[in-house]
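Below are the sequence and a predicted model; questions follow.
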Amino acid sequence: MAIAENSVVSIEYELVESGQSDIIDSNKGQAPLEFITGKGHVIPGLESELLKMEKGESAEISVASADAYGEMNPEAVDTVPAEQFADIELAVGMQLYGQGENGETITVTVKEFNDEGVTVDYNHPLAGRDLTFAVTIVDIREATADEISSGQVGGGAEHCEDGGCGCS
């Protein structure tokens, strides 16, 4: 039986670049990753395959870069004045976090730098890479009305007592 939209799915996973053996990310031995189907919380190529699975099932899922973090966009590389990074000890390959035009968090990767400028890449660090997930579905349940409306597992509201999570 396929997983329905607006289900909370809990998974354990290990991620490698296709054809490689070095683990990029994993939550094995930790809390499962929980997400609500149909909300865009996980990459499209992974979610579409997970929707075909059942609780307790394990699979190796290959996801092409186009269905993961997209292809590399050469226009997403820019050189900015070095003085914008005056208080940061830069290293090639390091990831920096900033705020986009709409207040969203953005990640950039330092490609190169000198006294004049810093070349940063706005592409997702996994853009252009085909990925393979070793996944086990730990649990599946219907999302509550609060979870569906907030788009967050747990509903969001009860996690906001301190007002720090950005909920309104």
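On my side now, so go ahead.

Residue 16 touches residue 23, doesn't it?
Yes - using C-beta atoms under 8 Å, residue 16 makes contact with residue 23 at a distance of 5.9 Å. (C-beta placed from N, C-alpha, C; glycine too.)

the more surrounded of these two?
residue 16 (17 against 12; other C-beta atoms under 10 Å).

Report the contact partners of the more buried one.
Counting by C-beta atoms under 8 Å, 6 or more residues apart in numbering, residue 16 makes contact with 22-24, 131-132, 134.

same thing but at 6 Å, please
Contact analysis of residue 16 by C-beta atoms under 6 Å, 6 or more residues apart in numbering lists 23, 132.

Which helix or which strand is home to it?
Residue 16 is part of strand 7-17, with elements assigned from DSSP states H and E.

what's the closest non-adjacent residue to the residue nearest in space to the middle of the chain?
Nearest to the geometric centre of the chain sits residue 42, at 6.5 Å (C-alpha atoms, centre = their mean). Nearest residue to residue 42, sequence neighbours excluded (C-beta to C-beta, 6 or more residues apart in numbering): residue 35, at 5.4 Å.

Can you give me the distance of that neighbour to residue 7?
Going from residue 35 to residue 7 by C-beta to C-beta, to the nearest Å gives 9 Å.

Looking at these two, which has the bigger crowd around it?
Higher neighbour count among residue 35 and residue 7: residue 35, with 22 against 19, using other C-beta under 10 Å.

The strand or helix carrying the more buried one pairs with which strands, parallel or anti?
Element membership for residue 35 (DSSP H and E) is strand 33-36. Sheet pairing for strand 33-36, assigned by DSSP bridges, gives strand 7-17 (antiparallel).

just checking, next helix/strand downstream of the strand it pairs with?
Taking DSSP H and E, what comes next after strand 7-17 is strand 23-26.
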